[in-house]
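Enquirer: Prediction below, plus the sequence it came from.
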Amino acid sequence: MPGFRQTLHLLLVAGCFFLNVSTLPAREAIARTFGKPLTLKKTLSLQEALQQPAKYQGQKVLLEGKISDVCQMKGCWLMLSDGGRAIRMKFEGYSFFVPRDCRGKKVQAEGRLIQETLSQEMARHYAEEQSAQANQSQIKGPQRVVTFEAVGVTIFD
């Protein structure tokens, strides 16, 4: 049977161990920002943005979701998804790019919604740059779309 001193010593060693473990910093998510720093705090749901794009057109909004695809040529666009819906995000004035391997990561982006018509040629160009090759011949005529022009993007690793 251990003596009082041995028990006290064991408790002291165990306490120091748990104290050291509990004071280790938690692994923090690494956030990388591309373009301008984000200034908005309140996010707009992608569902709301896509249901009423005219309501938000021209306003600066903050969207959040996961990156479901990214341009494999330069990283000049990404697809932001909430699991059910997605929107193509371009970057203001072609002024910045994102890493081509950021698919699946959480993202926040600040910018504005744009309702536009893509030419058949541009729609096929986007299909060519996707990570999963789409059948470009199935894209026929102009495409009416809602896109997002980001001024800043933060990707969380």
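Expert: Cool, the structure landed.

Enquirer: where in this protein is pLDDT low?
Expert: The chain contains residues with pLDDT under 70 at 1-28, 131-134.

Enquirer: Please, where are all the strands along it?
Expert: 31-35, 61-70, 77-81, 86-91, 106-118, 143-156 (DSSP state E).

Enquirer: which one of these is the most hemmed in?
Expert: Across these, averaging neighbours per residue (mean count of other CB atoms under 10 Å) puts strand 77-81 on top, at a mean of 22. C-betas here are computed from N, CA, C, even on glycine.

Enquirer: what helices or strands is that one leaning on?
Expert: Under the contact criterion of 3 or more CB pairs under 8 Å, 6 or more residues apart in numbering; DSSP states H and E, strand 77-81 touches strand 61-70, strand 86-91, strand 106-118.

Enquirer: hmm, back to that, E48: which of the strands of the chain is closest?
Expert: Evaluated over the strands of the chain, closeness to E48 peaks at strand 61-70, with 9.4 Å, by CB to CB.

Enquirer: if we can go back for a sec, can you put the strands of the chain in TSV and add distance to F97?
Expert: Shown next, in TSV, are the strands of the chain (distance: least, CB to CB, whole Å):
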stretch	distance to F97
strand 31-35	7
strand 61-70	9
strand 77-81	9
strand 86-91	7
strand 106-118	14
strand 143-156	10
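
Enquirer: how about the helices and strands packed on strand 77-81 in JSON lines, adding distance to A29?
Expert: Formatted as JSON lines, the helices and strands packed on strand 77-81 follow (distance: least, CB to CB, whole Å):
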{"stretch": "strand 61-70", "distance to A29": "14"}
{"stretch": "strand 86-91", "distance to A29": "20"}
{"stretch": "strand 106-118", "distance to A29": "8"}
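
Enquirer: out of those strands, nearest to V151?
Expert: Of all these, strand 106-118 comes closest under CB to CB, at 5.1 Å.
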